[in-house]
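Novice: sequence plus the predicted model coming up.
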Amino acid sequence: QTSLRHVQVIMNIWQPLKFSSNSRPILVDGEVECLSNSNVTLDEGDKSKSTDEGSLILTSYRLLHVIEQDGSRKGVALFLSLVSNVGVKSGFFQQTKIVLGIIPPAPQGASGQQAIPQPSSQADVLVRLAFRSGGHDVFLKQLRNVLQSKSWESRMSKSLLTTTGAFSTTSAGVGGIIRKAEQTERETEQAVSQSFTDLKALMQKAKDMVVLADRFRQTAESTATSSEKSEFGGLLLDIGVASVVTRQSAGAASYHQELARQLADVLHPHVEKAGGMLTLRDAYCIINRARGTDLLSPDDLLKACSLFESPSLSLRLRRFDSGVLVVHSLNRTDEQVAQDMRRLVDSKGPLGALDVAMQCSIALALALEQLLTAERLGLLCRDETVEGLRFFPNAFPSFQ
């Protein structure tokens with residue numbers, strides 16, 4: 001009976017971790033990765049039941065334990081709001097472990113969003129973190145700093161975008177709706193004006209700005225015109241990635257693997273928008289614009305993109321015969337690219353690489369490669385003159 005209760009408590013503490021389509025842990029609003037360490041096991045309870053070795057990721061809100069299994073990722077998450085104390089267990093013939101005192105969470109009502117759990121009145125449960133490859137000192141120091149800052153409390157407090165209060169007649173009816181909308185607009189304007197007064201205020205309000213950007217993005221998707229969506233997409237790139245992968249946050253051993261997963265998440269919509277292919281030069285500009293001051297070197301970008309071959313990632317790095325490097329979507333085959341080029345030539349007439357680049361808003365080198373792909377598959381044929389290289393629909397098969 002005691003063992004059954006212990007299992008129930010542990011399952012209540014550790015929550016299943018969700019992953020993106022490219023196997024990156026999905027973070028909650030305002031959450032940022034701080035540090036990562038590989039080859040870490042979790043020892044739970046009095047019986048020291050040990051889990052498989054995996055990567056332990058410390059964020060501003062949670063501890064994430066990720067395990068690679070059969071080419072896929074599985075993981076669990078522990079909210080730091082449940083941690084009551086932190087200690088260290090060591091001995092002459094024992095491995096040093098970080099010991100966490102965890103208070104099981106109080107029951108929560110149904111909610112559409114993932115809420116920060118609150119500790120209950122139950123006794124602490126011990127969770128031991130065993131670092132097989134060392135590094136527990138640095139991890140412990142960073143963990144204590146995060147616990148001291150209590151970043152999750154700002155998310156638990158009153159949200160910037162919502163107002164709550166007791167019911168009154170002033171908030172009822174159409175007039176109440178209008179007053180509430182005006183109040184929300186005033187709070188938004190105040191937050192924006194305060195955030196950009198100086199750098200310190202901007203850092204303090206960064207999380208609220210991310211929430212505002214996400215709110216505007218959702219509104220723009222349903223109401224904005226195509227030009228407005230394009231303009232707002234540029235603004236979102238200026239805001240950047242909320243939690244960039246760095247050597248410190250991912251660990252030197254798994255830095256490029258984690259960077260590849262984040263690149264796949266960030267670049268995938270841009271690759272799809274560009275017709276399934278994006279030159280590596282354009283990818284470099286997009287990702288560094290999103291990363292802000294934490295710029296990515298060309299070598300690191302190339303190494304990370306070369307790791308796209310993982311089965312779980314949606315992108316691939318491809319080199320054409322001409323030497324052009326592109327980021328290629330698995331959802332886009334050469335046959336589909338050739339068919340698109342054939343339809344474009346059928347509708348516009350004979351086209352050169354510059355014409356296609358202007359029509360499709362893609363790089364000139366990429367436009368030429370797509371035309372050559374259509375030629376190789378027999379859908380187009382070339383006419384090379386002193387005026388340049390142009391492509392026509394291939395009518396030769398109809399003569400047979």
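Specialist: Done, it's in. Here the structure is a predicted model, which is why all the values come from computation and not from measurement. Residues are numbered from 1 along each chain as shown.

Novice: what comes up buried for stretch 329-339?
Specialist: Neighbour-count burial for stretch 329-339, with 16 or more other CB atoms under 10 Å as criterion, is recorded at 329, 332, 337, 338. From N, CA and C alone the C-beta is placed, and that goes for glycine too.

Novice: pretty sure the first one is touching residue 317, no?
Specialist: No - distance between residue 329 and residue 317: 11.6 Å, which falls outside the contact criterion (CB atoms under 8 Å).

Novice: returning to what we had before: least confident pick among the buried residues of stretch 329-339?
Specialist: Note: of those, the lowest pLDDT belongs to residue 332, at 86.

Novice: and that one, what element?
Specialist: Assigned by DSSP states H and E, residue 332 belongs to neither a helix nor a strand.

Novice: ok, the nearest residue to it once chain neighbours are set aside - contacts?
Specialist: Take residue 332 and drop its neighbours on the chain: the residue closest to it by CB to CB, 6 or more residues apart in numbering is residue 276, 2.6 Å away. Taking CB atoms under 8 Å, 6 or more residues apart in numbering, we find residue 276 in contact with 328, 329, 331, 332, 336, 337.

Novice: distance of residue 276 from residue 318?
Specialist: Residue 276 sits 11 Å away from residue 318, going by CB to CB, to the nearest Å.

Novice: what sits in contact with each of these two?
Specialist: Listed as contacting both residue 276 and residue 318 by CB under 8 Å, 6+ apart are residue 328.

Novice: got a list of contacts for the strand ranked longest in the chain?
Specialist: Taking DSSP state E as the criterion, the chain has its longest strand at strand 33-44. Contact partners of strand 33-44, identified using CB under 8 Å, 6+ apart, comprise 10, 27, 49-60, 65, 97, 125-133, 135-136, 138-139, 142, 146, 243, 245, 248-251, 253-254, 258.

Novice: pLDDT (mean, whole number) over that strand?
Specialist: For strand 33-44, mean pLDDT rounds to 82.

Novice: partner strands of it, with direction?
Specialist: Paired strands of strand 33-44, with direction, are strand 49-50 (antiparallel), strand 54-59 (antiparallel), strand 125-131 (antiparallel) (DSSP bridges).

Novice: in it, what's buried?
Specialist: Those would be 33, 34, 35, 36, 37, 38, 39, 40, 41, 42, 43, 44, for strand 33-44 by 16+ other CB under 10 Å.

Novice: between those, which sits nearest residue 343?
Specialist: Checking those against residue 343 by CB to CB gives residue 33 as the nearest, at 43.5 Å.

Novice: spatially, which residue comes closest to the closest one, not counting chain neighbours?
Specialist: Among residues not flanking residue 33 along the chain, residue 249 sits closest, at 4.3 Å (CB to CB, 6+ apart).

Novice: which element is the one you found on?
Specialist: Assessed by DSSP H and E, residue 249 sits inside helix 247-250.

Novice: in the stretch 51-200 of the chain, where is pLDDT below threshold?
Specialist: Applying pLDDT under 70 to the stretch 51-200 of the chain flags the ranges 51, 91-94, 107-116, 119-123, 155-177, 188-200.

Novice: still on that earlier bit, gap between the residue nearest to residue 332 and residue 182?
Specialist: Per CB to CB, residue 276 is found 45 Å from residue 182.

Novice: over to residue 57?
Specialist: Residue 57 sits 42 Å away from residue 182, taking CB to CB as the criterion.

Novice: next helix or strand past the helix or strand where residue 367 lies?
Specialist: Element membership for residue 367 (DSSP H and E) is helix 364-376. Using DSSP H and E, the helix or strand that follows helix 364-376 in sequence is strand 380-385.

Novice: buried residues in that next one?
Specialist: Under the neighbour-count criterion of 16+ other CB under 10 Å, strand 380-385 has residue 380 buried.

Novice: got it, and stretch 124-132?
Specialist: Buried, per 16+ other CB under 10 Å, within stretch 124-132: 125, 126, 127, 128, 129, 130, 131.

Novice: what does stretch 268-286 give?
Specialist: Neighbour-count burial for stretch 268-286 flags 268, 270-271, 274-280, 282-284, 286 (criterion: 16+ other CB under 10 Å).

Novice: closest one of those residues to residue 23?
Specialist: Among those, residue 268 lies closest to residue 23 (CB to CB), at 12.9 Å.

Novice: now do the closest one against residue 127, distance only.
Specialist: From residue 268 to residue 127 the distance is 35 Å (CB to CB).

Novice: residue 277 against residue 325, yeah?
Specialist: No - judged on CB under 8 Å, residue 277 makes no contact with residue 325 at a distance of 10.6 Å.

Novice: overlap of the contact sets of these two?
Specialist: Residues within reach of residue 277 and of residue 325 at once, by CB under 8 Å, 6+ apart, are residue 318.

Novice: sounds good, over and out.
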